[in-house]
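>>> Below is the sequence, then the predicted model.
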Amino acid sequence: MPAFIGHVDADSFYVSAERVRLPHLHRMPVGVLGNHGACIIAKSYEMKAFGVTTGMPIWEALPICPDGIYIKRDFTWYETLSRKMLAVVKSISPLVEYYSVDEMFFSAEHPSHDLARKLQAKVLSAVGVPVSVGIARTKILAKLASDHHKPLGCFVIGDNETRLALLHDLPVTEITGIARRSAARLASHGITTCEQFVQADRRLIRRILTKRGEDLWWELNGDSVIPIAPTRPRNKFIARGGSLGRATNDPDRLRAFVVRNTERLVEALHFYQLGCDQLILDLSFKPSGGSVSKVNLLATAWRFEEICLAALRLLEQGWASQMVHYMHVIAGGLRDRRHAQRSLFSTADRREEVIDRLKHTVNESFGRFILRSAATLPLADVYGDPANAYDICDIYGKSCF
Ligand SMILES: [Mg+2]
């Protein structure tokens, strides 16, 4: 365990990234929209001042911030800057965790303000993005420290007084991993602030929030129990999917989305050299409800055709003409391909292997989705929009998402 842990977090990352290539956006109210152009997924502090919030639809944001500049997201560009930021953090620390697209943990020998300021200046000059930095004994404290002093914040928790002063009035929901439901359970025991949380009996916290809550208790008390993970933990599931944009009950369009998400899933399985024993299709219906259908595959699968047939069968099981607006195709029971035993029931043959390899080689050389299944043809609008070429979950090596 390192003596101290740092957390670096870009301030309004997507907006800051847009400002790197469009410098005239500095000091202007800027909102970044999701890939359907409907919702604000990030906003500048100038736009926030007008009352625009993350997740707000554009038709609600426009009347309150009519002079705002609204830009569609571009994850390819954000990944480019994210990797540059990672390189800077690696240049100042030997142990770095790539936690999310704009957040990294790193080991630090001392609770040093100088180190935090130096990192901040280095990222700003090399990447062009402002970041906040926190340094403390543990990951959870370091993250609280950087979150608490945004933007361009720099906060070091070097002693107990500073730690307790930070925790004093802070609501428990500020802790990563404590969302509404956990907070409600804690509140029923009179625990609403971080200070009350750390002063509560450890066994009580374990009873309310299980081991995960107990880990948070140790971490907030300054005992590091969640180590920096320099490599991504092994996947338990890999999911590909998301919003379908406008909800649909057109069977051709839905089948096309299943095939599109399966192609993305097969790509991820190829990257990690994994196969799956289980396939899940998760659908959300409009106005409400949804279905989760599962199948245990007869043999470990990674070929497109095998997985796609199973996913299309799951669509038949889980969908009966409802309007669908969200879909995920999820691979479970993941195992290393090299150790997967092929079964008598496997339908994969040499022809599929050749087609998969060809598809992969062509797409790698000429661009993603250049070669894709004809079943995706009903989605001409989706493939015609460059914002759909790339998703945040397609960024490999991060440890969350
Ligand atoms: Mg951030």
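Yep, that arrived.

>>> Strands along this structure, start to end?
Counting by DSSP state E, one finds strands in the chain at the ranges 4-10, 30-33, 40-43, 69-72, 96-100, 103-108, 131-136, 154-156, 238-248, 274-286, 290-301, 323-336.

>>> which residues touch the residue in the stretch 101-250 of the chain positioned nearest to the ion?
Among all residues of the stretch 101-250 of the chain, Asp102 sits closest to the ion, at 4.5 Å; criterion: C-beta to the ion. In this view, the C-beta of every residue, glycine as well, is placed from N, C-alpha and C. Neighbour list for Asp102: 9-10, 13, 78, 82, 85, 129 [criterion: C-beta atoms under 8 Å, 6 or more residues apart in numbering].

>>> roughly how far apart are it and Lys143?
Distance, Asp102 to Lys143, by C-beta to C-beta, to the nearest Å: 13 Å.

>>> tell me, what's touching these two both at once?
Common contacts of Asp102 and Lys143 (C-beta under 8 Å, 6+ apart): Asp9.

>>> about what we covered before: taking the contacts of Asp102 together, which two end up most distant?
Asp9 and Tyr78 (14.2 Å; C-beta to C-beta).

>>> List the buried residues for the lengthiest helix in the chain?
The residue-count maximum for a helix in the chain (DSSP state H) belongs to helix 251-272. Of all the residues in helix 251-272, those buried under the rule 16 or more other C-beta atoms under 10 Å are 253-269, 272.

>>> just stretch 352-359 next, same as before
So for stretch 352-359, counting by 16+ other C-beta under 10 Å, buried means 356, 359.

>>> average pLDDT across it?
On average, the pLDDT along stretch 352-359 is 90.

>>> same deal with stretch 234-252?
93.

>>> And for stretch 38-56?
Here stretch 38-56 scores 95 as its mean pLDDT.

>>> tell me the contacts of Val52?
Contacts here follow C-beta under 8 Å, 6+ apart; on that basis Val52 touches 29, 31, 40, 43, 61, 64-65, 68.

>>> partner residues bridging the closest residue in space to Ala310 that isn't next to it in sequence?
Excluding the flanking residues, the one nearest Ala310 by C-beta to C-beta, 6 or more residues apart in numbering is Leu279, at 4.9 Å. Under DSSP bridges, the beta-bridge partners of Leu279 are Val295, Ala331.

>>> Do I have it right that Leu279 meets Leu309?
No. Counting by C-beta atoms under 8 Å, Leu279 sits too far from Leu309 to count as a contact (10.0 Å).

>>> what about those two, which has more around it?
The neighbour count for Leu279 versus Leu309, taken as other C-beta atoms under 10 Å, is higher for Leu279 (26 against 14).

>>> and that one, what does it touch?
Per C-beta under 8 Å, 6+ apart, neighbours of Leu279: 294-295, 297, 301, 307, 310-311, 314, 329-332.

>>> roughly how far apart are the closest residue to Ala108 other than its chain neighbours and Glu316?
Using C-beta to C-beta, 6+ apart and skipping the chain neighbours, the partner closest in space to Ala108 is Phe4 (4.2 Å). Distance, Phe4 to Glu316, by C-beta to C-beta: 55 Å.

>>> Likewise for Lys236?
27 Å.

>>> Check His270 too.
Taking C-beta to C-beta, one finds His270 at 26 Å from Glu316.

>>> And for Arg27?
Applying C-beta to C-beta, the value for Arg27 to Glu316 is 54 Å.

>>> what about Val30, how many neighbours?
Burial measure for Val30: 24 neighbouring residues, criterion other C-beta under 10 Å.

>>> Actually, Gly55.
Residues contacting Gly55 under the criterion other C-beta under 10 Å number 8.

>>> near the ion, which residues of the protein?
Contact residues (C-beta under 5 Å from the ion) of the chain with the ion: 9-10, 13, 102.

>>> pLDDT added to those residues, as CSV?
Listed next are the residues of the chain next to the ion as CSV, based on pLDDT from 0 to 100:
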residue, pLDDT
Asp9, 97
Ala10, 97
Phe13, 97
Asp102, 96
